[in-house]
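dropping a prediction and its sequence here:
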Amino acid sequence: MIAAVREFANRILGRGDATITVPSFDGALKPNQLLERAETLLECEAPEALAVDGDSLLVSDGARLLRLAGSSATTVRTFERPISALAILPSGRVAVALGGTAVHVYDDIASKTPSSTFTGELHAVNALAAAPDGALIATDGSSQRGGADWARDLMELGETGRVFRLDPSTGTARQIAGGLNYAFGAAASGSDVIVSESWRHRLVSIAPDGTRKVLLGRLPVYPSRLSPARGGGFWLTAFTARTQLVEFVLREPAYRRRMIAEIDPDFWVVPRLSSGNSFKEPLQGAHIKTMGVMKPWAPPRSYGLVIRLGADGLPRYSLHSRADGVNHGIVAAVELGGDLVMIAKGPRRVLKLPLAVAGAEVRT
Amino acid sequence: MSDIVLSLSKATKLYGGVPAIDGVDFDLRRGEIHALVGENGAGKSTLTKVMAGVVTLTSGAMAVDGTAVSPKTPLESRNLGIAMVFQENSLVPTMTVAQNLFLGQEKFYNRLRGIYIAAQQFLQSLNFDVTPTATVGGLGAAKKQMVEIARAVLHKAKVIIFDEPTATLTPEEKKYFFDLVRDLKKRGVSIIFISHALEEALLLADRITVLRDGRHVVTDDASKFDRTRIIQAMVGRDLSNTLYGARKDKMRPAGRRVLTVQNLKMAPMVKNNSLSVFAGQITGVFGLVGAGRTETFKIVSGVLKRDFFHGGEILLNDRPVRYRVPAPAVKAGIAYVTEDRKVEGFFETASIARNIYLGLLAKFPAGRAWLSRRESNTAGKTWIERLKVRAIGDEVKVVELSGGNQQKVVIAKSLIQDPELIIFDEPTRGVDVGAIVEIHELINRLADEGKAVVVISSYLPEIMALSDRILVSRQGKVVEEFSAIEATEEKIMYAAIH
């Protein structure tokens, strides 16, 4: 009863859960336009995941697995379903998630048949990472919605994300965490697993005994995949930024129900991987253009961001593509040599940015 | 008529046998601007208070237009044509601006509307944007200062003494003030100008007198001085590189986020303000008067309240907090070192030890049933030593200390609480050069120890010398952020005014 009264009062006063606020991009997250200066290595139909195989790069493009050398891509193989996640284990084995519902592990990239296959409970596997003991960590975004239907999961306040530990040597799968608000991306950190919980805008560290600790909370973005960074720490991608409009909609269940039922999903008030494709797209209440020029600081419907995290999990610096940019919807980033290679899912590009330039610029 | 309008010879003032000024010779020419500089405790305020009739000389002589005088009250000084604009506010807060301006000039029958019209015209003639019907208590520090200045000008004094007149003014307001001073000079008014901003003294003054430890050091034409010579005369050592000259060439890395302010609102001063403060860094906040800097951090520390409806969110260590009074903020580890130390910073008639001990008492969750004199004395002695407060003992009343030492007491009162987040609002306003260096060292040390430190300052060299990251506030919200390395005065000022 008291909780109901408090919730009612909060809605009237705009407090508690009804505080429609968004953290600012400041400190290490101070905006820049560095992602706009990244070189485009490849434009393809449906880039989704990246993995580094020695000196070369593997890119998933729909059902195709491509090897990228410089800016020339060759098809390594084509699977029967789209690749939703990709990882190369220290042993050289290749793990591929297909359609989000199955994970196949191949002894090498040329193997025709998988050495292990994991299916069963998997529903929307969106990231794979190698654990130190040779196992795989898989994040399953939602047990209700498919990977492509992530916006609906957000609008339904989905909290059915899970993390699995897949052991290729035994063929067993074990759920190590559940009830996550869209698990999207994981990385091993010692014996713990760091997981991106997108709808709660945070990174959670999960210990072997299942205890959770918030490593980095209240991000102004929706975090996604993680990959190890040279010199310790991680690269964290964020596929879009939070806005007050979406935060407001998330607190209005009746509005969301009607929107889902009546509006074309392309024009929902939700974050998107790209924007500016149609005049029917919802704006964010700000005047996006002034004198014909897009305002970079306008509340964006789509955004591009990669965050360099230190070994302690704290942001060190970040690379941005703001409202007036195009390299939005960054869903994967890996280090290759002295470069950072990324997938911008919005414009369907594979990007490359020299790390020395990026690091030096954002630190000054 | 002699060229000398005011002179003091062998002026000595003793407080409890200790000389505040000792055998000082001083003369003021007609229509000149005379800057009086020196560290806090150098005797500047005492010297000018003698002229203004606030205190009387123990020995020595004073003359106005060649006639020996000995004013015993401010009224007697005013009748001699000497007015003083005090560093501490001498306005009546419950009265309006116009009433304060004409205070002491009341007639048997006052027509209030007439007073307001006269005040409006007078303030406009000075180009001061102050509403004559506004209650003084509700004005900001800069506007109070304007009223003080206007009152001195209104009294048609032939000598006007300004004690730190520009400390609370924005750059635009300073320009108006300088124009006003030059205008007064043209009319033959002599100006004594006490300032810690040496650039201003060099820019404005015809002659400069330097005092040190209550003694006269040097008087010379301003053209014969530069910053280094003034500083060396003031303190006897070269501080120019450690004070404002040194720019940061590296910055501390950010630690965890200690404070998050999201869409904070407090009409009309704070408008949708968002910012973060990180551990182990000094976050400098720059802005002109009215930018909402002080108000934002006063809301954070529970001194002010945000809007009742949709007032935004404040998170301390990622937990939402809403302080209605400062006490829970202090207990949570937030210390706010006020910009207005004389009103909000200390109990002026209490001793140094008592004031510092009060800071400790504020930290206890449910107060204290008993007070320990021993604990109070220990706290006093410890912090006097740690912050190098210059006083003859810990039982000295704070009101008897110089500005820099008073500020150290205010800082000690906050640091004794062992806060996690320390907000310094104008930490060196009205503080002498030597104390500035010590306070800056202290602030740096706190950040090195991992504390989250916020420095709000209107003085760009101070912001640039101290901050690891600089937030620029304008019209109620943070509009720009610079790292210490990329920041320049031009960039910061551009963000602050555009």
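Here it is on my side, so go on.

list the buried residues for stretch A:87-106?
A:87-89, A:93-106 (16 or more other CB atoms under 10 Å in any protein chain shown). For every residue, glycine as well, the C-beta is placed using N, CA and C.

who in chain A is up against chain B?
Within reach of chain B by CB under 8 Å from any CB of the partner chain, chain A has these residues: A:12-16, A:19-24, A:26-28, A:30, A:214, A:217-218, A:244, A:314-316, A:363-364.

in the chain, which residue is most central in space?
All of this refers to chain A. A:Ser224 (2.2 Å; CA atoms, centre = their mean).

actually it's chain B I care about, not the one you picked
Mean-position check on chain B, CA atoms, centre = their mean. Result B:Arg429 at 3.4 Å.

measure that one to chain A for me?
Distance, B:Arg429 to chain A, by CB to the nearest CB, to the nearest Å: 26 Å.

relative to chain A, how far out is B:Thr283?
As judged by CB to the nearest CB, B:Thr283 and chain A stand 9 Å apart.

repeat that for B:Ala412.
Look at B:Ala412 and chain A: by CB to the nearest CB, they are 30 Å apart.

can you pull the pLDDT of the residue nearest to that residue when sequence neighbours are not counted?
Excluding its sequence neighbours, the residue lying closest to B:Ala412 (CB to CB, 6 or more residues apart in numbering or on different chains) is B:Trp383, at 3.8 Å. The score at B:Trp383 is 87. That number is its pLDDT.

surely B:Leu6 and B:Met51 touch.
Yes. The pair B:Leu6 and B:Met51 qualifies as a contact (CB atoms under 8 Å) at a distance of 6.5 Å.

who are the contact partners of A:Ala73?
The contact partners of A:Ala73, taken as CB atoms under 8 Å, 6 or more residues apart in numbering or on different chains, are A:42, A:44, A:59, A:66-67.

tally of neighbours for the residue in the stretch 301-450 of chain B positioned nearest to chain A?
For the stretch 301-450 of chain B and chain A, the shortest gap (CB to the nearest CB) falls at B:His310, measuring 3.3 Å. If you count neighbours by other CB atoms under 10 Å in any protein chain shown, B:His310 ends up with 18.

equivalent analysis for B:Met84, please.
Applying other CB under 10 Å, I find that B:Met84 has 26 neighbouring residues.

hang on, the earlier thing: list residues touching both of B:Leu6 and B:Met51?
Jointly contacting B:Leu6 and B:Met51 under the rule CB under 8 Å, 6+ apart are B:62, B:82, B:159.

and the gap between B:Val189 and chain A?
48 Å.

for the stretch 101-250 of chain B, which segments count as strands?
With strands called from DSSP state E, counting those that start in this stretch, the stretch 101-250 of chain B shows them at B:159-163, B:190-194, B:207-212, B:215-221.

mean neighbour count, distance to B:Leu288 and mean pLDDT for those - can I get that in a markdown table?
Output for the strands of the stretch 101-250 of chain B, formatted as a markdown table (neighbours: other CB atoms under 10 Å in any protein chain shown; distance: least, CB to CB, whole Å; pLDDT from 0 to 100):
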| stretch | mean neighbour count | distance to B:Leu288 | mean pLDDT |
| --- | --- | --- | --- |
| strand B:159-163 | 25 | 21 | 88 |
| strand B:190-194 | 24 | 22 | 90 |
| strand B:207-212 | 23 | 28 | 91 |
| strand B:215-221 | 15 | 33 | 92 |
